[in-house]
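A.B. asks: Here is my input, please return the structure:
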Amino acid sequence: MGIVSRRTVLTTMGAVPVLTVAASVLGAEEAAAATANINPSAPKQTIKGFGGMAHALWIGDLTAAQRTTAFGGGDGQLGFSILRIPVGESQADWSRDLATAKRAVELGATVFASPWNPPASMIETFTRGGQTNAKRLRYSSYAAYAQHLNDFTAYMRNNGVNLYAISIQNEPDYATDWTWWTSTEIVNFLKQNAGSISTKVIAPESFQYVKSMSDPILNDAAALANVDIIGAHLYGTSYANFPYPLFKQKGAGKELWMTEVYYPNSSDSGDLWPQALDVGEHIHHAMVDAEFQTYVWWTIRRSYGPMREDGQISKRGAIMAQFARFVRPGFTRIDATANPATNVFVSAYRGGNTVVIVAVNKNTSAVTQQFTLAGTTASGAVQSWVTDAGRNVAAQSALTMTNGTLTVTLAARSATTFVTNVGTTTSPTPSIPVSPTPSLSPTPTPTPSSTGGGGSGPRVTYTMSTWNSGFTAAISITNTGTTAIDGWTLAFTLPSGQTVTSAWNATISPTSGQVSARNVSYNGTIAPGASVDLGFQANHTGNTAEPTAFTLNGIPCTVA
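C.D. replies: Residues are numbered from 1 along each chain as shown. Prediction:
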C-alpha cells in the first residue's frame, strides 16, 4: 500500500469489478430465515485478532486518545488486538511508530511489522517490463537484509515492544513504488536466510492473494520450515479465490493471516451507509471461506477507514468492532450455518465457555433468525450489540437462550453480535490459547450470590506467561458445586510490584495489591461442573510470583 489510491490503481489494471450494494430479495415485511446451526465442539481456526496499520511517516501518528480508541474495548472504541507497523529503511525512522506500538502493547495488542524497501545500500535497479528503474534486493545482500530485520526486531524489543512477527516484504508482486521479489527469490531467501531471524516470519504478503506467490513456499519443505505465517492482502480478490486448499494440505503448524486491505474502496467515506455493511460481509468471508486468523485494515485513521480523522469510529469501524471487541485473540471459530438466508451471513466463535455469534443482515427488512447450539442445553441471558443506520455497537436488552436455542430479530441492514455462555458440551472443549486482551466496557452484572454453588469449594487455575517487565495471567474458575453460581467475584492478592494494565472476560480493581475480578455481563453464571476463563496483562518490577490464595464470593478456592 502506498499514498496513491489503491482503487485508482487497481481499476486501471482491471483487477477490481464494479461494486454495488446487493439488492434485497425480501420485501418490506419481516422474513424468517432457516435455522443457523452452531456447533461449539467443532473448532476451526484459532483467531489471532482484528486490527489495522499505523504508518506515521506517510499518514501521521495516532494521538494518545486515538491509540486508546483503537485498542480499547469499551463503548466508542474499536477493540483492535492487532497493530501492523512499517519497517523503516533507515534506523532513523524506527522510532516514528514506537509510541503507538507501545500503547497498543499496553492495551493487550499483538504487533507485527512489514518492510516496503531494504536499506538503499542493499538495492539494485533493473528493467521489469516497461519499468526501467525497478528495484530489487541484491542477492549478495540477503544475509545483510536478514540482519536488518533482526536489528529492527531488537530495537523494538529493547524499547518495550516484542514483535510477534516480521514480514520479508510488503506486496512483492505489486512493487512499482517499492521493491519487487519473485516467488523464486522469496523461496531462496526463506531457505538460506530466514532461519536466522529472531521472531516469526511472514511471507509473501501478495497484494491480491495471488497463489502463485505462496504455492512455491508451501511446496518447498526447506522454505516452509523457515516461515511461520502465510500472509496475504485481499485487494480485488474475489470470494471464489478466498479458500486455499494447498494451505490446508501442507500448512500444518503454520498460521494464515490477512495482513492488509480496505474494502470496498478508498474513495468513499467510512460513514457511507449501507455500504459499510460490505465490510461485515467481507470479514465474514475472510473468516469463514478463507479461514484467516487475522483481519488487518489499511490504515486505522483515514477518511475511508475505521477511525475518522477526528478520532471517532466510523460506520466501517463500527462494523469491524462488532467482531473485534468480542471475538478476542485465542478464540476459535466454530462451525456454523454461514448463509441461513439470502443476504444473511453468520459466523460463530468460542473462547472457553463463551460463544460469540456475529450476524450480518444486508436485507432492507428485518429477519427472524433462530440459532441452535449443538451439544448443549444451556439456558440463560444472551447479551447483544447492534450497528445499523442509527446505532454504532449499541448494547441491547438481554435476550434469553432456552435449551441451546435462541430466536432473534435481525434489524434491517445491520450487524449484530450475540455473546452467551454455553457451560459444558457433549464433546471436549477445544484448547484455546490465551492472548492478552483489553477488557470490554463495564456493564451491569448480577449481584454475586453468597454461596459457591453447594458442595466443595470452587477450583481455580492460574497460569502466567512472563517477559522482562510484564506478564499475562490466564485464570480458569470451575464450579465444583451442585447449583449454579449467579454472579461472581474472584479475590486474590497480587505480589509486590505487579500492576494490572488490562483484562479480558472480567473487570479488575484495583490494579495492584488485593484485587477483585468481577464477571462481565455475559459470563456471570457458572453452571455446576462448568468453567469460565478470564485473564489480565500486568507489569512487574522483577517479582513474578503467583498469588497463593483465591476466594470466590468469599469462599476459599482449591488452587489446581
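A.B. asks: Residue 383 pairs with what?
C.D. replies: residue 419 (DSSP bridges).
A.B. asks: and residue 348, how many neighbours?
C.D. replies: 30 (other C-beta atoms under 10 Å). C-beta coordinates here come from the backbone N, C-alpha and C atoms, glycine included.
A.B. asks: which residues does the closest residue in space to it that isn't next to it in sequence bridge with?
C.D. replies: Leaving aside its sequence neighbours, residue 348 sits nearest to residue 336 (C-beta to C-beta, 6 or more residues apart in numbering; 4.0 Å). Residue 336 has these beta-bridge partners by DSSP bridges: residue 38.
A.B. asks: Would you mind measuring from residue 216 to residue 246?
C.D. replies: Shown here: residue 216 relative to residue 246, a distance of 10 Å by C-beta to C-beta, to the nearest Å.
A.B. asks: can you give me the strands in the stretch 201-350 of the chain?
C.D. replies: Ranges of strands in the stretch 201-350 of the chain, per DSSP state E, counting those that start in this stretch, are 229-233, 255-261, 294-297, 332-336, 344-351.
A.B. asks: Name the residue in residue 216 and residue 246 with the higher neighbour count.
C.D. replies: Between residue 216 and residue 246, counted using other C-beta under 10 Å, residue 216 has the larger neighbour count: 18 against 15.
A.B. asks: quick one: that one and residue 223 touch, right?
C.D. replies: Yes - contact criterion C-beta atoms under 8 Å: residue 216 and residue 223 qualify, at 7.4 Å.
A.B. asks: Overlap in contacts, these two.
C.D. replies: 186-187 (C-beta atoms under 8 Å, 6 or more residues apart in numbering).
A.B. asks: Endpoints of stretch 549-560, how far apart?
C.D. replies: 11 Å (C-alpha to C-alpha, to the nearest Å).
A.B. asks: For it, what is the distance to the chain centroid?
C.D. replies: Centroid displacement of stretch 549-560 relative to its chain, using C-alpha atoms, centre = their mean, to the nearest Å, is 32 Å.
A.B. asks: buried set for it?
C.D. replies: For stretch 549-560, the neighbour count (16 or more other C-beta atoms under 10 Å) marks 550-553, 555, 557 as buried.
A.B. asks: Tell me, how many residues neighbour residue 186?
C.D. replies: 26.
A.B. asks: Tell me which helix or strand it sits in.
C.D. replies: In this structure, residue 186 sits in helix 183-192 according to DSSP states H and E.
A.B. asks: Counting by contacts, list what that helix packs against.
C.D. replies: helix 142-158, strand 200-206, helix 211-218, helix 221-225 (3 or more C-beta pairs under 8 Å, 6 or more residues apart in numbering; DSSP states H and E).
A.B. asks: what residues does that helix touch?
C.D. replies: Here helix 183-192 has contacts from 136-137, 142, 145-146, 168-169, 172, 181, 201, 203-204, 212-217, 220, 222-224, 226-227, using C-beta under 8 Å, 6+ apart.
A.B. asks: Buried residues, that helix. List them.
C.D. replies: 183, 185-192.
A.B. asks: cool, and stretch 274-294?
C.D. replies: Neighbour count says stretch 274-294 has 274-288, 290-294 buried, by 16+ other C-beta under 10 Å.
A.B. asks: Just the residues you listed: which are in helices?
C.D. replies: 277-288 (DSSP state H).
A.B. asks: which residues in the stretch 451-560 of the chain form helices?
C.D. replies: Counting by DSSP state H, counting those that start in this stretch, the stretch 451-560 of the chain has no helices to list.
A.B. asks: what number of residues lie near residue 250?
C.D. replies: 15.
A.B. asks: do you know how far residue 113 is from residue 325?
C.D. replies: 25 Å.
A.B. asks: Also residue 349?
C.D. replies: Taken as C-beta to C-beta, the span from residue 349 to residue 325 is 12 Å.
A.B. asks: Buried deepest among the helices and strands packed on helix 183-192, which one?
C.D. replies: Comparing the helices and strands packed on helix 183-192 by mean neighbour count (mean count of other C-beta atoms under 10 Å), strand 200-206 comes out on top with a mean of 25.
A.B. asks: Run me through the strand neighbours of that one, direction for each.
C.D. replies: strand 165-167 (parallel), strand 229-233 (parallel).
A.B. asks: for the ones you listed, which one sits closest to residue 94?
C.D. replies: strand 165-167 (12.5 Å; C-beta to C-beta).
A.B. asks: That closest one: what's the following helix or strand?
C.D. replies: Criterion used, DSSP H and E; the element after strand 165-167 is strand 179-180.
A.B. asks: Tell me the spacing between residue 491 and residue 552.
C.D. replies: 8 Å.
A.B. asks: Just give me the neighbour total for residue 125.
C.D. replies: 11.
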